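**Q** Okay, sequence plus prediction incoming.
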Amino acid sequence: MNDDMLMRVVYLLILLVCIGGSFWASMRQDLSKSMQQAAIWVLIFLGMLGGIGLYNDITNRHSPRQAVAEGGEIIAPRFRDGHYHLTLDVNGVPIDFLVDTGASQVVLTQDDARRVGLEPESLNYSGQASTANGIVRTAPVTLQSVALEGIIDRNLPAVVNDGQMDGSLLGMSYLESFRSIEIRDNALVLTR
């Protein structure tokens, strides 16, 4: 539980204590009316908890992932997490990537490697990469086809990471194939 969520829970608990105290004081006068009001407040409280719990899922699901503008530019709006994300078809399978200009290569997680037809257990982990979590082993692979909004690249070199990753990374070995990469109006703009 992060600090933001903890503060929300504390706020709701304080609100519950205030409402509960008011209920307790008024309960002495008319028990049936107090029980009815208590039931309404419990439903309101549960609704608020449900709304808070679903907030991130709802907002992330409706955020745009990518679009194509006129003139062949690919525009990736900044996602709610502050990063840029693109979905590419790798060997015909849609894979979500975090755009990472700090990564020198395209890096697949083991799960994404399996989804595109590779067998991570049988790969030769002969390379190494220095990450924020330390040194990890990598296996060089070649992706038969990589498609982004109609732009298709063939035989793209990539690596499969032997360590834990939250998601696959779209590094500079792919991004350098674009004529320009720029940040404009809170969006990543790729032009070929």
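**A** Everything's here; your move. Keep in mind that what you see is a predicted model, and the values were worked out from it rather than measured.
**Q** contacts, neighbours, all on C-alpha from now
**A** Noted.
**Q** domains of the protein?
**A** When the chain is parsed with automatic domain parsing, its domains come out as 3-61, 67-191.
**Q** For those, which has the smallest mean pLDDT value?
**A** Among the domains of the chain, domain 3-61 carries the lowest mean pLDDT, at a mean of 76.
**Q** Now find how far off-centre it is within its chain.
**A** Domain 3-61 has its average C-alpha position 30 Å from the chain's average C-alpha position, going by CA atoms, centre = their mean, to the nearest Å.
**Q** same question, stretch 95-109
**A** 13 Å.
**Q** Restrict it to CA atoms and write it as CSV.
**A** Listed next in CSV are the C-alpha coordinates belonging to stretch 95-109 (Å, rounded to 0.1, in the frame of the first residue of the first chain):
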residue,chain,number,x,y,z
ILE,A,95,3.2,-6.8,-27.3
ASP,A,96,3.1,-3.8,-25.0
PHE,A,97,6.4,-1.9,-24.8
LEU,A,98,7.7,0.8,-22.5
VAL,A,99,9.6,3.3,-24.7
ASP,A,100,13.0,3.4,-23.1
THR,A,101,15.7,5.6,-24.7
GLY,A,102,18.1,4.5,-21.9
ALA,A,103,17.9,0.9,-23.2
SER,A,104,20.3,0.2,-26.1
GLN,A,105,18.3,-2.7,-27.4
VAL,A,106,14.8,-4.1,-27.7
VAL,A,107,14.4,-6.2,-24.6
LEU,A,108,11.6,-8.9,-24.2
THR,A,109,10.5,-10.3,-20.9
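**Q** which residues touch the top strand by length along the chain?
**A** Identified as the longest strand of the chain according to DSSP state E is strand 134-148. With contact meaning CA atoms under 8 Å, 6 or more residues apart in numbering, strand 134-148 is reached by 87-92, 123-130, 152-163.
**Q** cool, stretch 81-88 as well?
**A** 65-66, 76-79, 94-99, 146-149, 187-188.
**Q** how about 6 Å then?
**A** 78, 94-99, 147-148 (CA atoms under 6 Å, 6 or more residues apart in numbering).
**Q** any chance you could map the strands in this structure?
**A** Across the chain, reading from the start of the chain, the strands by DSSP E fall at 67-68, 74-77, 85-90, 93-99, 107-108, 127-131, 134-148, 151-161, 168-170, 180-184, 187-191.
**Q** quick one: the most centrally placed residue in the chain and S22, what's the gap?
**A** Residue closest to the average C-alpha location in the chain (CA atoms, centre = their mean): D81, at 7.0 Å. Using CA to CA, to the nearest Å, we find D81 at a distance of 40 Å from S22.
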